Every structure is written in C-alpha cells, then in structure tokens.
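A.B. asks: got a sequence here, can you model it:
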Amino acid sequence: MSTEDHPAPRSLAEALRGRDDASLAALLRSRPDLVTPVPGDLTQLATRAGTRASVVRALERLDRFALQTAEALAVAADPSSYDELLGLMAGDARDPEVSAALPGALAALREQALVWGADDRLRLVRTARELLAPSPQHPSPTGLGPSVREATAGMSPGRIQEIVATAGLPSTHDSVSAVDALTALFTHRRKMKALLAKGPAESVEVLERLVWGPPYGQVTHDPAPRLRWLLDRGLLLPTAPGTVVLPREVALHLRAGRAHRAPEPLPPAVEPSVTHRPQVVDSTAAGQAYTALATVEELLKDWDEGGPAVLRAGGLSVRDLKRTAVALDVPEPTAAFWVELAYAAGLIASDGEADERYAATPAYDEWLERPPAERWALLAQAWLAATRTSGVVGGRDAKERALSALGPGLDRSAAPEVRHRVLALLAALPEGAAPDPQTVLARLRWERPLRGPQSVPGPGPAQGTPRGEDDLRSRLARWTLAEAELLGVTGRGALSAQGRSLIGGSPAAPGRHPEPEGPGDKLPVHHHRTAAPLAPLSPPEQAMAAAAAARLLAPLLPEPLDHVLLQADLTAVAPGPLRRPLAEVLGVLADVESKGGATVYRFTPGSVRRALDAGRSASDLHAFLAQHSRTPVPQPLAYLIDDVARRHGQLRVGAASAYVRCDDDTVLNEILADKRAGTLRLRRLAPTVLAAQADPATLLEGLRAMGYAPAAESAEGDVLITRAHAHRTPPRTPPEPVPDGPPVPDATLLSAAVRAIRAGDLASTAPRRPTDTATPLAPGELPRTSSAETLATMQAAVLTGEALWIGYVNAEGSASQRVIAPVRVEGGFVTAYDHTADEVRTYPLHRITGVAELADD
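C.D. replies: Numbers count the residues shown, from 1 in each chain. Predicted coordinates for the structure are as follows:
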C-alpha cells in the first residue's frame with residue numbers, strides 16, 4: 001500500500017483519526033479524564049489529551065520502563081526514529097532485554113496518545129516533551145543537559161568558530177553550520193574517542209563526574225587548565241556567568257549511548273520469604289477473621305449506650321482513642337483501624353444530636369443477624385473499597401493540624417488501588433507463599449515510579465508535595481499487608497483462599513493444594529515477566545466475589561457453643577465462641593478476665609449485682625448456670641449468688657434530692673458512722689430513712705463503693721430494673737470513597753463515547769459543497785445562513801434525501817456541529833436523522849445557526 005494512500009499524520013488529531021474504534025476505546029479507558037465530558041470530535045480529543053493536567057496524570061500512571069522511554073524521547077530529536085530511540089534505551093551494546101521490551105513500552109505510550117507517528121517519525125506530545133526535557137529549572141530525570149545547539153544559542157559567532165577550530169574542525173561560514181559540525185563530531189564515536197584520548201586525564205575525570213548528572217558545574221573567571229582544555233573544545237559550554245554544562249551529545253558518548261544509567265525493562269519479581277501449607281494459611285486466616293468479628297462486636301458493644309463525644313472539628317479525641325484501645329486490648333493504631341473499619345462498613349456514625357456522640361447505626365443490628373462469614377465479607381469488602389486510611393491517624397495535615405480517627409483529612413484516593421494491587425501480587429505467588437515485603441514495595445515502585453528524583457515537573461501539588469508524601473504508596477502497601485493479616489484476608493503473611501476469592505481470583509479446589517517439597521517447607525517459585533493483573537471489579541462482580549469468599553470461609557469458622565465450664569475459683573471457661581444469647585447474659589453476670597482461644601469469665605459480687613439490677617432473680621441465675629454448664633455449679637459460686645441476692649435491695653435509694661431507706665436502722669447507723677459517707681452529706685429524717693444532697697446515681701455509686709448492695713426504687717416504691725438501653729443513630733449511609741480522578745468508564749459508556757466522537761468528527765470534517773456566495777469557514781466555525789436560506793435548504797433536502805451540515809445551539813448555549821438527513825419540516829421544527837447521535841431527533845429551526853450542503857463524495 002503506498003504512502004499516498006495513507007500519508008504520515010501531521011498532528012495528533014490526524015493520528016487519532018487513523019485509529020480503529022477499539023484503539024480509541026483503549027485510550028479513553030486508560031485516560032478516563034478525556035471522556036468527561038465526551039469530546040465533540042477527534043480534534044477536541046487531541047487538544048484535551050495534550051493539556052498539561054491530563055498529560056501529568058497520564059505520565060504518573062506509567063510504569064518505570066515506559067516512563068524511561070518517554071524520558072528518552074524527550075531528549076531525542078523531534079521527530080525521532082525508532083533506531084535512535086533504541087540506541088538511547090539499549091546503548092551501543094544493544095542490551096537484549098531492553099531491545100525486547102522497548103516495543104511494548106512504545107506501544108503503551110502510543111495507546112495513551114503520549115507518542116504518535118510512524119516508527120521513522122516518532123513524536124512525543126509537546127506537553128510531555130516540555131515536562132520531561134532538560135532545563136536549568138527542571139533537570140531531566142536522565143541527568144542529561146541541553147544539546148550543543150541549545151547550549152550555544154546565545155554564544156557569539158566568533159566564539160563558536162574558535163571552539164570549532166580548537167576541536168580540529170575546519171572553519172565554516174556561519175554559526176549554524178559550525179554548530180552542526182561540532183554536533184557531528186560529538187556524535188561520532190571514533191572521532192570523539194580520539195579527541196578525548198588527546199586530553200589530560202584530569203579533564204576526562206571532570207567529564208566523568210558530570211556524565212550521569214547533574215550536568216551543571218561552577219567555574220571561576222579564570223578556569224583551571226583542565227577546565228580550560230574542555231571549554232576550548234566545547235566539551236563544556238557556558239550557560240551563565242560562572243556556570244558550565246556538559247552537552248548532551250558528549251554525555252551520551254561517555255555513557256555509550258544510553259540515556260539512563262540503569263534501564264529497568266523488567267518488573268522486579270515478588271519473592272516469597274517463606275511458604276506454608278495452604279491449609280495452615282486458610283485456617284490461620286479464618287482464626288483472624290473470627291477475631292476481627294469479635295473485636296468489632298466488642299467495640300460496638302462498648303459504644304452500645306452511646307460512644308465517645310465527637311470533637312468540634314470532627315473525630316475521636318486522643319483520650320477516647322486510648323480508652324478504646326485499652327477496652328479492646330490492642331495498640332492505639334490497631335484500635336484506630338477497627339474504628340475506621342466499622343465506620344467504613346456503616347456500622348457506626350455520629351448521632352447528630354446536640355451533644356453529638358458516636359453510636360451504632362441501625363445497620364449494625366442487621367449486620368449482627370447475618371451469618372459470621374457474611375459479616376466478615378461485608379467488613380472485608382468495605383476495607384477494600386475505603387479511601388479513609390487509619391495509618392495516617394496521629395499525623396499532621398498540610399496545615400499542621402492533628403489527624404484523628406473518624407475525623408476529616410484521612411482520605412487517600414490511592415488506597416483502594418494499592419490494596420487491590422498488593423493482594424493481586426500476593427495472588428500471583430504460589431499458594432501458601434508469604435512475600436518478602438521489600439520485594440512487594442519494589443514492584444509497586446516500578447509500576448508507579450515515586451515522585452522525587454524521577455518526578456514529573458508540574459504546577460501545584462506535584463511540585464510542592466512534602467517528601468513524606470512521596471512514599472505514600474509504599475506506606476499504603478505496608479499498611480495493607482498488616483491490615484490484611486488483622487482482618488483475616490491473609491494468614492501468616494500468605495493470601496488465603498477467601499482473600500483470593502475476594503479480589504476475583506480463582507481459589508484452588510479443596511484437596512488440590514500443592515504439597516511442600518524439600519527442607520524448610522518451601523515451594524518452588526516460577527517468575528514471569530509480568531503476571532496478568534487482576535483488574536478491579538465492578539460493583540456486581542464485587543458482590544459475587546464477596547459471596548464466594550463467604551462460602552469459602554464459612555466451613556473454617558468455629559461453630560458457636562451453648563455451654564461453658566464452671567470452675568471452683570469463681571470462673572467460667574468458654575472453650576470457643578458462644579452463641580449470642582448465652583454470651584450476652586454471661587457478659588452481664590460475669591466480667592471477662594482473659595481472651596484467646598478460650599475466654600475466661602470471672603464472677604464477682606459486682607457482676608452478680610449487675611445481673612440482679614437487670615431484673616434477674618437468684619433462682620433465675622442458678623437455673624441459667626445449671627442449664628449452660630457442662631460441669632456442676634460450684635458451691636462457692638452458688639453461695640456468692642445467694643449472698644449478693646440476700647443483701648440486694650436491702651437499701652433503697654430514691655429521689656428526694658435523694659434518700660436511703662432501710663427496715664434495719666442499724667445498717668443506716670453504720671452508714672452514718674462511716675467516714676466514706678461524708679461526701680454524700682447524709683442526715684436522718686426518720687429511724688429508717690436518710691436524706692442525701694447528692695443525686696440518686698451518685699448515691700448508688702457511693703454506697704456500692706462502701707460495700708453495700710442498694711437498689712434504686714421508683715416514686716411508687718418499686719425496685720427499678722436497670723437494663724442497658726441501646727442507643728442508635730438515625731439511618732446513616734457509609735462514607736463515600738474519594739475517587740482518584742474520574743472513574744474508569746464501563747464498556748457501554750466507552751462504546752457510546754466512541755460513536756459520538758466519530759460522528760462529531762464526521763460532522764466537523766465532512767466536505768462541504770462549494771457555493772458562490774458562501775464565505776470560507778475557519779476550522780471548527782459553525783455555518784451561518786439566514787432563516788429563509790436555512791428553511792429553503794431544509795425543505796429541498798427533504799425532497800432529495802440529501803444530508804446537510806448544520807450548526808446548532810442548545811438551550812444551555814452550547815454550540816455543536818451535526819450532520820443530519822431531514823425527514824420533515826413543519827411548525828418551526830425539523831425532524832431529521834442525526835448521524836452524529838445515530839438517532840432521529842427534532843430541532844427548533846431558530847436554534848440552527850446555519851446550514852450547508854455536503855459534497856457528493
């Protein structure tokens with residue numbers, strides 16, 4: 001096929017026009033900011049793809065080798081050939097790994113419209129070249145300086161001729177040819193080698209110090225002989241008073257043609273540190289999953305009657321976070337994780353009242369009714385999608401304000417993508433293999449190079465980001481590995497079967513786990529250049545994956561028990577998880593003394609009194625223990641219940657301000673004589689009644705602290721039964737994740753966008769039929785005709801069936817070009833088949849700016 005049939009594209013728009021629909025869809029998928037809103041035509045798409053913000057976002061999403069390829073193109077000629085690019089990337093020795101990987105990297109740059117043109121005329125989009133090309137303000141990540149032509153741009157013609165002569169080249173008639181001759185010398189390997197061989201060793205040493213960058217150095221007004229030799233031959237060129245630079249061509253010769261010191265064509269392999277049997281991994285992860293459920297339930301139970309207050313700026317106070325950590329028996333960072341996880345799952349929220357507090361939501365009660373595996377799947381799903389990151393709690397924001405749990409400023413948009421990618425890397429390892437964390441971090445840095453030494457120069461946050469934020473992806477990855485272990489997504493550092501299913505992987509069938517071979521319980525590892533990454537799932541796919549993960553986890557979770565083992569030391573041992581009714585009653589009747597594989601409860605006078613205050617009688621407690629204990633009820637426990645029950649309610653406290661009454665006046669005499677009662681300010685009203693200036697609640701607590709077992713009574717004299725009243729917030733929705741840029745369009749939107757862009761491009765590029773009266777229109781300009789001409793042309797097109805090109809302004813004032821085939825004109829409207837929208841539409845004639853006939857071809 002001849003080049004006349006397919007001439008080389010002269011712009012990015014023409015290059016995009018030559019793509020097929022699948023290629024355009026791939027571009028919009030990889031750069032979703034281009035599709036919001038949908039461009040009117042391919043020229044608009046090309047313009048948007050070349051804007052600074054869009055190019056910076058695209059460069060940030062390149063892997064290290066694709067970015068190195070773009071950086072090499074930025075220091076190559078414009079346009080450049082593939083052979084020149086290959087030389088810059090693979091060097092004079094033509095590194096085979098780089099040579100093999102370069103076509104794929106170039107294809108990725110082309111797909112994202114960062115590079116266009118055929119292999120003999122490769123062009124980096126102008127904005128990307130401006131961002132990546134070396135300049136004194138923004139040194140190139142390659143460490144290369146300006147070319148000879150750029151560095152000599154302000155040099156006098158006489159000085160250029162002196163350099164040419166000293167370098168052993170014939171003089172020329174003008175500066176342009178002199179610079180060309182000097183460039184040809186520096187790019188000629190044999191001649192450059194001979195030139196450097198004549199120079200002093202100290203001069204060559206200076207070049208070697210500058211060769212890998214930065215290429216700039218300082219000199220005095222009277223340079224040393226080793227520097228003077230270099231300056232006289234143009235091997236160093238002045239850029240400003242006292243500053244010299246190593247020309248790009250000289251540096252490339254010293255580097256053997258390579259633009260980068262260490263090209264990285266292959267992603268670092270994720271290495272396993274240890275490999276366990278998959279059954280051990282799954283059972284360990286299931287144990288962690290059960291602990292996660294118990295921890296969240298304990299947290300919400302602690303906040304059941306109303307949790308801690310909400311700070312004025314939002315979030316938990318440091319004191320409340322510490323108290324929560326003590327209650328859960330975990331470190332504060334771990335407590336912040338559980339609190340944020342419950343919040344992300346919609347289980348807790350602020351109640352919105354005047355004295356705003358955190359409390360469980362109605363969704364928590366629904367969550368409790370689900371089977372344990374489903375409850376875990378909901379937590380894991382919320383964790384995967386959440387952008388709120390508990391790891392930053394305790395840090396400072398950009399305004400040096402403290403970041404608190406449940407407070408503002410915790411969203412990190414990259415968190416979901418990093419979590420998914422870390423788990424996908426774990427899924428690519430053999431089953432049961434736990435990765436070396438450093439190799440995971442190295443792989444993530446290769447996939448998204450850190451902003452720092454290789455940052456993309458740009459405005460705003462891209463330049464001003466603190467160094468601590470540069471490594472955010474690495475910190476997110478470390479937190480992901482730790483949180484996945486806490487949650488039971490991984491076990492012993494390896495991805496579990498339910499974790500693999502959660503991200504859309506295919507877990508191994510039961511009984512088909514590979515058995516370890518050899519010493520150390522190790523499995524052989526096979527490395528691939530790139531494992532096909534597991535793509536993020538759509539919401540329906542996420543629901544299906546969560547359900548599948550729950551099905552895999554369910555058989556591994558322990559069955560709840562309906563019994564405990566009572567012991568003579570006033571303790572009860574729960575050998576496993578208890579059924580909820582049993583656990584709730586036992587939690588009132590006894591205090592948890594220790595947790596673990598078996599939970600130990602201790603019975604105390606205070607805990608028994610708590611059960612009596614909740615309305616249970618001594619006979620109820622005896623019957624409950626006899627029914628749920630696999631061992632006989634110990635006599636000390638029976639005595640404890642009877643003794644506390646006998647004294648319970650002997651004293652009655654009511655509201656006067658507050659009073660105490662007792663049928664036994666000697667008990668009241670003891671209370672009055674006790675020095676600890678001084679703070680209650682009691683006085684006798686009658687032989688069996690004492691009045692206090694404290695409120696009833698304070699009086700109850702004071703008497704209990706003195707060793708008595710008072711009971712509160714109502715105004716009618718009845719004993720008040722004190723039960724915990726669950727406090728719930730109004731219905732709340734979980735916090736919405738903060739997206740990292742526009743969402744990736746789905747297949748339906750991509751197809752519609754490509755059709756609309758194609759149709760708009762057809763309208764804007766369709767050839768018009770020339771007329772004697774028509775004024776030539778500038779590209780993109782709407783046609784202009786009078787109302788009478790518009791109506792007449794429309795009516796004629798209805799009769800002939802021809803298509804027309806129109807300009808149209810909608811009700812919002814947005815102008816567009818369209819190609820239509822009029823079907824009917826009446827009542828001030830035209831009904832036509834719109835080729836741009838691919839449907840029949842009706843347009844008001846007064847909104848049509850003008851009309852033009854299309855050429856016959």
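A.B. asks: quick check: phi and psi at the most centrally placed residue in the chain.
C.D. replies: Residue closest to the mean C-alpha point of the chain, counted by C-alpha atoms, centre = their mean, is Ala414 at 2.0 Å. With angles defined as degrees, to the nearest 10, Ala414 sits at phi -80, psi -10.
A.B. asks: then Ser273?
C.D. replies: Note on Ser273: backbone dihedrals following degrees, to the nearest 10 are phi -90, psi -30.
A.B. asks: ok, the nearest residue to it once chain neighbours are set aside - how many residues close by?
C.D. replies: Leaving aside its sequence neighbours, Ser273 sits nearest to Asp436 (C-beta to C-beta, 6 or more residues apart in numbering; 4.3 Å). For the C-beta atoms, the positions are set from N, CA and C on the backbone; glycine is no exception. By other C-beta atoms under 10 Å, the residues close to Asp436 number 14.
A.B. asks: circling back: the residue nearest to the centre of the chain: what's it in contact with?
C.D. replies: Ala414 makes contact with Leu472, Arg473, Leu476, Asp740, according to C-beta atoms under 8 Å, 6 or more residues apart in numbering.
A.B. asks: what does the helix or strand harbouring Pro103 rub up against?
C.D. replies: Using DSSP states H and E, the element containing Pro103 is helix 96-111. For helix 96-111, the external contacting residues (C-beta under 8 Å, 6+ apart) are 23, 26-27, 30, 62-63, 65-66, 68-70, 73, 82, 85-86, 89-91, 115-116, 122, 124, 263, 265-266.
A.B. asks: how far does that helix sit from its chain's centre?
C.D. replies: Taking C-alpha atoms, centre = their mean, to the nearest Å, the mean C-alpha location of helix 96-111 is offset from the chain mean by 27 Å.
A.B. asks: report the buried residues of it.
C.D. replies: By neighbour count on 16 or more other C-beta atoms under 10 Å, the buried set for helix 96-111 is Val98, Ala101, Leu102, Ala105, Leu106, Ala108, Leu109, Arg110, Glu111.
A.B. asks: can I get those in a markdown table including pLDDT?
C.D. replies: Below are the buried residues of helix 96-111 laid out as a markdown table (pLDDT from 0 to 100):
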| residue | pLDDT |
| --- | --- |
| Val98 | 94 |
| Ala101 | 95 |
| Leu102 | 95 |
| Ala105 | 95 |
| Leu106 | 95 |
| Ala108 | 94 |
| Leu109 | 95 |
| Arg110 | 94 |
| Glu111 | 93 |
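A.B. asks: re the thing from before, how much space between the residue nearest to the centre of the chain and Ala673?
C.D. replies: 68 Å (C-beta to C-beta, to the nearest Å).
A.B. asks: tell me which stretches of the stretch 101-250 of the chain form helices.
C.D. replies: Per DSSP state H, counting those that start in this stretch, the stretch 101-250 of the chain has helices spanning 126-132, 148-151, 157-166, 175-186, 189-198, 201-210, 225-232, 248-254. These are given in chain order.
A.B. asks: return the most buried member of those helices.
C.D. replies: Ranked by mean neighbour count under mean count of other C-beta atoms under 10 Å, the helices of the stretch 101-250 of the chain are led by helix 248-254, which reaches a mean of 24.
A.B. asks: mean confidence score for it?
C.D. replies: For helix 248-254, mean pLDDT rounds to 92.
A.B. asks: hmm, who's touching that helix?
C.D. replies: Contacts of helix 248-254 (C-beta under 8 Å, 6+ apart): 75, 88, 134, 143-148, 183, 186-187, 189, 192, 207-208, 210-211, 215, 235, 258-259.
A.B. asks: what does stretch 114-127 give?
C.D. replies: Contacts for stretch 114-127 (C-beta under 8 Å, 6+ apart): 8-9, 12, 15-16, 49-52, 55, 58-59, 70, 73-74, 76, 78-82, 85, 106, 109-110, 113, 128, 132.
A.B. asks: can we see that at 6 Å?
C.D. replies: In this structure, residues lying in contact with stretch 114-127 by C-beta atoms under 6 Å, 6 or more residues apart in numbering are 8, 12, 15, 50, 52, 55, 58, 73-74, 79-82, 109, 128.
A.B. asks: all strands for the stretch 251-400 of the chain, in order.
C.D. replies: 272-275, 348-350, 358-360 (DSSP state E, counting those that start in this stretch).
A.B. asks: quick one: buried residues of the first one?
C.D. replies: I take that to be strand 272-275. Buried-residue list, strand 272-275, by 16+ other C-beta under 10 Å: Pro272, Val274, Thr275.
A.B. asks: what do you get for the second one?
C.D. replies: Residues of strand 348-350 classed as buried by neighbour count (16+ other C-beta under 10 Å): Ile348, Ala349, Ser350.
A.B. asks: how far off centre is that strand?
C.D. replies: Strand 348-350 has its C-alpha centroid displaced from the chain centroid by 23 Å (C-alpha atoms, centre = their mean).
A.B. asks: in its sheet, what does it sit against?
C.D. replies: Paired neighbours of strand 348-350 in the sheet (DSSP bridges): strand 358-360 (antiparallel).
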